[in-house]
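Engineer: got a predicted model here, sequence first, then my questions.
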Amino acid sequence: MNTFTIGEALGYGWKGFWKNIGPLIVVGLAVVGIQLVFAWVGSQIDSGFLGSVVGFVGSVISIIIVLGWIRAGLAITRGEPIELGSVFTFDGWFRYAIASILFNLGVVIGLFLLFIPGIIFATVFGFYGWLIVDKGAGIGDSFSRSAEITKGNRWNIFALSIVLLLLNMVGLLLFVVGLVFTAGISLVTVAYVYRIISGEQPVAID
């Protein structure tokens, strides 16, 4: 079984972020900038139809952003440079969109069922997006493979999720700007965990 410790994961995330701080800051600012533009455009439109179009386009862009964020994390664990052109692409967009709807639906239903089932569902299937991006997994396969690789590590994954949530809350409190840093650290940390539980060795970071 491929296991990890929270300390090791956070340590890798910390070092990986600072070694790639330039590209990650650029990607982070691009993400924030794009979202702010769409939020502003949406607020300026009174037409229901145009508002729906902008909302749909914004949803598409948001998914591309998430996939790009994942690609950036994977690139760091492979020791590859992060390039905006290769990070933000449509590859896997449709599969991720459908899988994301199913995942969020499962989490919401689980949360309504006394809360704990939702947490379990999120922990077991939470790496579906990483598998779609990294392995080209199909929708169903991404869920089944996520359940497989998280087996034996679910308590660790849950505990790490709490730590990262608190870390990003601190980043949010630091005038929001801190969130760019904490989100980058979290990204590399989760990328490391994904590599480890998948039975792969992330590139060493000095």
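Structural biologist: Arrived safely, thanks for sending. Numbers count the residues shown, from 1 in each chain.
Engineer: just the mean pLDDT for stretch 184-191, thanks.
Structural biologist: Looking at stretch 184-191 alone, the average pLDDT works out to 95.
Engineer: also stretch 139-149?
Structural biologist: Averaged across stretch 139-149, the pLDDT comes to 97.
Engineer: any buried residues in it, and which?
Structural biologist: For stretch 139-149, burial by neighbour count (16 or more other Cβ atoms under 10 Å) applies to 139, 141-143, 145-146, 149. C-beta coordinates here come from the backbone N, C-alpha and C atoms, glycine included.
Engineer: the residues you listed in helices, which ones?
Structural biologist: Of the buried residues of stretch 139-149, the ones assigned to helices by DSSP state H are 139, 141-143, 145-146, 149.
Engineer: same list (these) but as CSV, adding distance to Gly110.
Structural biologist: Below are those laid out as CSV (distance: Cβ to Cβ, whole Å):
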residue, distance to Gly110
Ile139, 19
Asp141, 21
Ser142, 18
Phe143, 14
Arg145, 20
Ser146, 15
Ile149, 20
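Engineer: farthest pair in those?
Structural biologist: Ile139 and Ile149 (16.6 Å; Cβ to Cβ).
Engineer: ok so, going back, closest to Ser86 among the buried residues of stretch 139-149?
Structural biologist: Ser86 lies nearest to Ser142 out of the buried residues of stretch 139-149, by Cβ to Cβ, at 21.1 Å.
Engineer: does that closest one touch Arg95 like I think?
Structural biologist: Yes. Ser142 is in contact with Arg95 according to Cβ atoms under 8 Å; the separation is 7.5 Å.
Engineer: anything in contact with each of those two?
Structural biologist: Residues touching both Ser142 and Arg95 by Cβ atoms under 8 Å, 6 or more residues apart in numbering: Ile132.
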